[in-house]
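>>> Kindly generate the corresponding structure for this input.
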Amino acid sequence: MSENRPTENVGHMSLDQARSLFTGPNAGSAGPTAGLVNKLLARSVEVPPIRFISLNGLVPYKEAQELQLKLVELRAHDLIPDTILFLEHTPVITRGRGLQFTGEPRPRHMPAPPLIPEGMDFVESERGGDLTYHGPGQLVIYPICKLDGKGFGPNHDIGGFLRTLESLIIAELAERGLSAETRPNATGVWIGDKKIASIGIAVRKWVTYHGIAINCTNDLKPFFLISPCGFAPEVMTKMDELVTQPENWRADFEQRLVRRIQMQSP
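Alright, predicted model coming up:
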């Protein structure tokens, strides 16, 4: 797990603090309330028109799912602005809705590991894509963005939003001297024949959730338990195999991405 030093323009909180934003008599009710919104706004940092939240420590995948769904409801009702979460997960293998269509015959899902190692979870996810791994040292970015063309997300254009996420990471890697690219029918970011960032989103009420996983300092061995998004595990790479990472790599990466997202937003 990285040392999560304070990052300018990013609100920091623990998962318990984030969860507490939605406790009380109205928690879990069908409609979001102004009280919940006020608690959220008090604990995060807004850089108009986007709010950034960095969750401290390691966050279990299911609990991040729950938090995202609550934020999606708030965003759908225009009670919060576009909100971007930064976090690292406890070790987990997730399975999305299925492999990306390439025009060639192949199964919708690759085989899941018959045995999940102790200390690792397996979770079904609403996102696009198939099997992947998340764990400490991997920066995960969950944009809760309304695709209305008024903020970070284009108007009702899911494919365009995916391309926006890819271009965001490609531009940031270029600043670090890394020439990254996209591939047809293979959503994500590649450096040569190696994949450094995986992207899979879900959309509900035209609000996005789930998002990007960038391999930074994480152990790549768990990818060998699966076929990550239909590829051989050997294709996966990480930042510290390619460039020297600062001690506070996560805070540095978050701040750089915040500035870049601001530049791309209206």
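>>> so where's the stretch 101-250 of the chain shaky on pLDDT?
101-111 (pLDDT under 70).
>>> again, only using 90
Scanning the stretch 101-250 of the chain with the threshold set as pLDDT under 90 gives 101-115, 128-130, 150-153, 184-187, 227-231.
>>> For it, which segments count as strands?
121-124, 129-134, 138-144, 181-183, 186-191, 194-204, 207-215 (DSSP state E, counting those that start in this stretch).
>>> Now do the buried residues in the top helix by length along the chain.
Longest helix in the chain by number of residues (criterion: DSSP state H): helix 158-175. Buried residues in helix 158-175, defined by neighbour count with 16 or more other C-beta atoms under 10 Å: 158, 161, 162, 164, 165, 166, 168, 169, 170, 172, 173. Using the backbone N, CA and C atoms, a C-beta is placed for each residue, glycine as well.
>>> could you dump the strands of the stretch 101-250 of the chain to TSV with mean neighbour count and distance to residue 88?
Output for the strands of the stretch 101-250 of the chain, formatted as TSV (neighbours: other C-beta atoms under 10 Å; distance: least, C-beta to C-beta, whole Å):
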stretch	mean neighbour count	distance to residue 88
strand 121-124	14	14
strand 129-134	24	8
strand 138-144	24	6
strand 181-183	13	24
strand 186-191	21	18
strand 194-204	21	14
strand 207-215	24	10
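>>> Report how many residues lie close to residue 92.
Here the number of neighbours of residue 92 (other C-beta atoms under 10 Å) works out to 21.
>>> The one 5 residues further on too?
In terms of burial, residue 97 registers 15 neighbours under the definition other C-beta under 10 Å.
>>> Contacts only, for it.
125, 126, 127, 128, 129 (C-beta atoms under 8 Å, 6 or more residues apart in numbering).
>>> nearest to residue 204, of those residues?
Distance to residue 204 across the contacts of residue 97 (C-beta to C-beta) is lowest for residue 126, with 8.1 Å.
>>> Wait, that closest one touches residue 210, no?
Yes - judged on C-beta atoms under 8 Å, residue 126 makes contact with residue 210 at a distance of 6.9 Å.
>>> shared neighbours of those two, anything?
What both residue 126 and residue 210 touch, as defined by C-beta under 8 Å, 6+ apart, is the set residue 202.
>>> how far away is residue 86 from residue 142?
8 Å (C-beta to C-beta, to the nearest Å).
>>> Could you do residue 63 as well?
The separation that residue 63 has from residue 142, given C-beta to C-beta, amounts to 12 Å.
>>> Identify the residue nearest the spatially most central residue of the chain in space, chain neighbours excluded?
A centroid search over the chain (C-alpha atoms, centre = their mean) returns residue 141, at 2.9 Å, as the residue closest to the centre. Of all residues beyond its chain neighbours, the one nearest residue 141 is residue 212 (4.4 Å), with distances taken as C-beta to C-beta, 6 or more residues apart in numbering.
>>> got a list of what the one you found touches?
140, 141, 143, 165, 169, 197, 198, 199.
>>> Test my guess that residue 166 contacts residue 201.
No - the pair residue 166 and residue 201 fails to qualify as a contact (C-beta under 8 Å) at a distance of 11.5 Å.
>>> Against which helices or strands is whichever strand or helix holds residue 258 packed?
In the assignment (DSSP states H and E), residue 258 maps to helix 249-264. Under the contact criterion of 3 or more C-beta pairs under 8 Å, 6 or more residues apart in numbering; DSSP states H and E, helix 249-264 touches strand 50-59, strand 82-89, strand 138-144, helix 158-175.
>>> wait, which of the ones you listed is closest to residue 120?
Per C-beta to C-beta, nearest to residue 120 of those: strand 82-89, 10.5 Å.
>>> That closest one: how far from the chain's middle?
Chain-centre distance of strand 82-89: 6 Å, with C-alpha atoms, centre = their mean, to the nearest Å.
>>> what's that strand packed up against?
Looks like strand 82-89 contacts strand 50-59, helix 61-76, strand 138-144, helix 249-264 (3+ C-beta pairs under 8 Å, 6+ apart).
>>> Thanks again, I'm all set now.
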